[in-house]
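Undergrad: Pasting a predicted model and its sequence here:
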Amino acid sequence: MKCDAARQQLASYLDGELDRAAVDEIEAHLPTCAGCRAELAALEQLRNALRAAPRLRAPAQLRRRLAQMDELPRLGAPAHGAWRAGWWAMAASLLLGLALGAGFMTWRVGAPVAEGHLLARDLLASHLRALAASSPLDVISEDRHTVKPWFAGKIGESPPVIDPKSEEFPLLGGRIDYVGERRTAVVVYGHRKHIIDVYMTPGLTDSDGLQLQGYALTPCRLAGQQAWIVSDIDADSLRRFSGLIGCG
Amino acid sequence: MPRPHSHLDIGLARDLTLPHLDSAYNLARWLMGSPQDASDAVHTAFLRAARYVHTYAGGNARAWWLSIVRNCCLAILSARRTHDVSLDALEADAEDLLATEADAPEEQLHLAQSAALVMDELGRLPAEFREVLVLREIEDLPYREIAEVLGVPIGTVMSRLARARQMMRKALARGTPHEM
């Protein structure tokens, strides 16, 4: 390996951003080159110096304030409590400005959703929260005879847990989640690397299915109960899955 | 238009952001300069995250959240037209450190002095180089995530990082001619 090529990659090497082959090349080169060793040592020294400085931690007061917030202030609403009045006006106008700003568009903005679809938003929020958590499951079981009573013990009702008995759509387990204000049973299936959530939402009226941010939200009747399927699997797989669990 | 907000939005925003609150605060602290401004910026960013939590499309929650924090910081700074970190505030931190860190008095002094120097110099870097160093060296984010937070290609992250490191090395060498 040429020295200047190695020199170029030393930072990426230190940052752990090189693939195995490139790492091998650098590691073969280093023992032969005092210049590159010195450069790497200097980069490491800088890192150590930066990491020796204390990592600033969020003040406990800030953490508490966010953890205890139970509603969002209306835009432009006057300040209350210890929070400063002048700040709010500024924050509110900033929020508005930011929302309209181009930077915001970096993140996919979901299609506007009609008021009647608030439920859909709640379902999607729950689904995304589960995906972001370390596990989307509260009870892990491929056996519906385990999952069903688990729900009964938790929310006093046992939703239909249907095992599609298909390797393509394994039953993974279940969890309890909030949809709107109510605790809802969610039966979780897998499909390749995707997660399919089936929300049992008794009492909720029928509605059209819709597509939000790449996720399909599909209402259906499952064993006489109202349910919603939320997933990002493709339309064909979704149809097959619905058929297998007898969702009409 | 954002929808009327339910407690669910706040709950989801909390789930996505609170695990990375220290990272958010650290980034804001280095961009804004003072503890009060950093807290205010993170608070504003949280409101924004909750208000627009439906724009979170899965994927890396930390990068999503830090990019909101960063955008809030930059918007506040540009609204104020003051781009310079307050060095007074950084010095105040260094003094705190002097009082609290390390055991032996000499070691304490030495650590505090070099940490103070590093913080001082980091605070003097232009914001675009400061933030990339904070995200890589202190927050330990991979290039891909830094690129997401900054909204730039990975190549730009790499070149900015290289330049930032060069600047820091030069600055620290100036500060401590015997050691660096």
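TA: Okay, I see it.
Undergrad: Please parse chain A into its domains.
TA: A:3-52, A:116-245 (automatic domain parsing).
Undergrad: and what of chain B?
TA: Recorded structural domains for chain B (assignment: automatic domain parsing) are B:7-80, B:87-175.
Undergrad: Please identify the most buried of the domains of chain A.
TA: Across these, averaging neighbours per residue (mean count of other CB atoms under 10 Å in any protein chain shown) puts domain A:116-245 on top, at a mean of 18. Just so you know, the C-beta spots here come from the backbone N, C-alpha and C atoms, and that holds for glycine as well.
Undergrad: Pull the distance from it to the chain's centre.
TA: Chain-centre distance of domain A:116-245: 16 Å, with CA atoms, centre = their mean, to the nearest Å.
Undergrad: thinking again about what came up before, format the domains of chain A as CSV; extra columns: mean pLDDT and distance to chain B.
TA: Output for the domains of chain A, formatted as CSV (pLDDT from 0 to 100; distance: least, CB to the nearest CB, whole Å):
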stretch, mean pLDDT, distance to chain B
domain A:3-52, 92, 4
domain A:116-245, 80, 5
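Undergrad: any chance of those domains in JSON lines, plus distance to A:L66?
TA: Shown next, in JSON lines, are the domains of chain A (distance: least, CB to CB, whole Å):
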{"stretch": "domain A:3-52", "distance to A:L66": "27"}
{"stretch": "domain A:116-245", "distance to A:L66": "16"}
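Undergrad: Tell me which of those lies nearest to B:E128.
TA: Among the domains of chain A, the nearest to B:E128 by CB to CB is domain A:3-52 (16.7 Å).
Undergrad: Which residue ranges of the chain form helices?
TA: Chain wasn't specified; assuming chain A. For chain A, the helices defined by DSSP state H occupy A:3-14, A:20-29, A:34-52, A:60-68, A:85-100, A:118-132, A:144-155, A:235-245.
Undergrad: Chain B was what I was after
TA: Counting by DSSP H, the helices of chain B are B:7-17, B:21-32, B:35-51, B:61-80, B:87-100, B:105-124, B:127-133, B:143-150, B:154-175.
Undergrad: for the record, mean pLDDT for the fifth one?
TA: When pLDDT is averaged along helix B:87-100, the result is 44.
Undergrad: Same check on the second one?
TA: Averaged across helix B:21-32, the pLDDT comes to 94.
Undergrad: Check stretch B:150-158 too.
TA: 92.
Undergrad: ok, and what's touching that stretch?
TA: If you take CB atoms under 8 Å, 6 or more residues apart in numbering or on different chains as the criterion, stretch B:150-158 is touched by A:11-12, A:103, A:106, B:67, B:70, B:131-132, B:135, B:143-144, B:146-147, B:160.
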